[in-house]
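> A structural model of the following input is requested.
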Amino acid sequence: MAYLCLGVNIVLSVAKGVAGVGWGSSSLLVDAVHSASDTISDLATILCLYKAKQKPTARYPLGYGRMETLGSFFISCMLLSGSVSIGIHALVQMLERLAPVFPWLEQVRVLVYQIPDPSAHGHAHEHGPALTEPRAILFVIMNLIIKEMLYRAMRRTARQTRSTMLEASAQHQRSESSASIMSLLALSGSWAGYSWLDPLGGMARAIHNGADAWHLLVRSLEHLCNRSADTDVLQTMEKVLAAGAAQSKESQTRPAFTWSDLAVVPNGPFLVVFVTLYFERHVALQDAAATEDWVGERIRAQYPELSIRAP
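Numbering: from 1, shown residues only. Purely as a prediction, here's the structure:
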């Protein structure tokens, strides 16, 4: 999925660049550069996902799953920074339109305009230039459809694989489709004589995307700090362990056991399970080890991508 996103951004960048040169559209040329810059985050996503999938080593016994969490943290920071930039930019535009009616807002506009732009990603570009190129609207609509399709596909894959990195990347695609909606809103507003629709939509987009980016950022930080897995995951594993312990008491070939100290910690797209099993004194070490493997298989039947460790 990350490779598909990278390929789409490259194709969009080339297509917008060629059309911008052919039609003399500066807005398309700027948008082409913007699409090219998106490939940087796509490359970072691919690199982090590749590293996270590598097998554990003696130096990193739990694997490299945190690389994915680290990548989602940086993408979330980028999205949050872009949302703040969009909000400031839209607020300044709105104050400029309201200042002739409410003169005191001019002082507020000057104060807001002095706030530095926190985003270096370029999400706060003016929508105005696109209105001078009617043929550029085709690319705006095409970009909206493609980015929204990528968002839905990546979000579905992220939920299936419990990947915060893919979820952050999916949210990035949603922010791009939102930008296209704002461009169309600005066009409609200018045609209808309601130029204030553009900054109003920009502020709405900033709030919506900023809230999602903040949620991803907080969750990434929690995972980096070894936050426990969600309650439903813990409850499922507790049921599996309880059923296994009850079954072992009735088994003639497997020693009975009890368990405690269950801890489940997300490690990127994986889960690391810490659990202690208790056996009777007379149980042979070989039988205890075989029972541990049996318990691990039962848990993996519910969550295939996990690693079990005894504290």
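> Torsion angles phi and psi at Ala263?
Backbone torsions of Ala263, given as degrees, to the nearest 10, read phi -140, psi 130.
> how close does it sit to Met67?
From Ala263 across to Met67, the span is 22 Å (Cβ to Cβ, to the nearest Å). The C-beta positions use only the backbone N, C-alpha and C, and glycine is treated the same way.
> which of the two has more neighbours?
For Ala263 and Met67, the more surrounded residue by other Cβ atoms under 10 Å is Met67, and the numbers stand at 19 against 16.
> check contacts around Phe73.
Leu217, Ser220, Leu221, Leu224 (Cβ atoms under 8 Å, 6 or more residues apart in numbering).
> What ranges in this protein fall below the confidence cut-off?
1-2, 20, 23-37, 104-136, 183, 186-191, 305-311 (pLDDT under 70).
> Which parts of it are strands?
Using DSSP state E, the strands of the chain run over 257-267, 270-279, 306-309.
> Give the partner strands of the first one in its sheet and their orientations.
For strand 257-267, the paired strands and their directions (DSSP bridges) read strand 270-279 (antiparallel).
> Report the buried residues of the partner strand.
Phe270, Leu271, Val272, Val273, Val275, Leu277, Phe279 (16 or more other Cβ atoms under 10 Å).
> Over to stretch 219-230?
Result for stretch 219-230 [16+ other Cβ under 10 Å]: buried residues Arg219, Ser220, His223, Ala229.
> related to what we said a few turns ago, rebuild the contacts of Phe73 as TSV, extending it with distance to Gly244.
Converted to TSV, the contacts of Phe73 look like this (distance: Cβ to Cβ, whole Å):
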residue	distance to Gly244
Leu217	38
Ser220	33
Leu221	34
Leu224	32
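> among the residues you listed, which are in helices?
Judged by DSSP state H, helices contain the following of the contacts of Phe73: Leu217, Ser220, Leu221, Leu224.
> So what's the residue count around the closest residue to the last one other than its chain neighbours?
Put plainly, it is Leu224. Nearest residue to Leu224 in three dimensions, chain neighbours excluded: Thr69, at 5.7 Å (Cβ to Cβ, 6 or more residues apart in numbering). When neighbours are counted by other Cβ under 10 Å, Thr69 registers 24.
> got the contact list for Thr69?
Thr69 sits in contact with Thr164, Met165, Ser220, His223, Leu224, Pro266, Asn267, Gly268, where contact means Cβ under 8 Å, 6+ apart.
> do Ala229 as well
Val264, Val265, Pro266, Leu271.
> Give the burial count for the third one, as a bare number.
Spelled out, that is Pro266. 24.
> Would you mind confirming that it is in contact with Arg162?
Yes: with contact defined as Cβ atoms under 8 Å, Pro266 reaches Arg162; the gap is 7.4 Å.
> From Glu96, how far off is Thr236?
Thr236 is 55 Å from Glu96, by Cβ to Cβ.
> Grab the nearest non-local neighbour of Lys249.
Nearest residue to Lys249, sequence neighbours excluded (Cβ to Cβ, 6+ apart): Ala256, at 4.5 Å.
> can you give me phi and psi for that neighbour?
Main-chain dihedrals, Ala256, degrees, to the nearest 10: phi -70, psi 150.
> isn't it right up against Ala245?
Yes: contact criterion Cβ under 8 Å: Ala256 and Ala245 qualify, at 7.5 Å.
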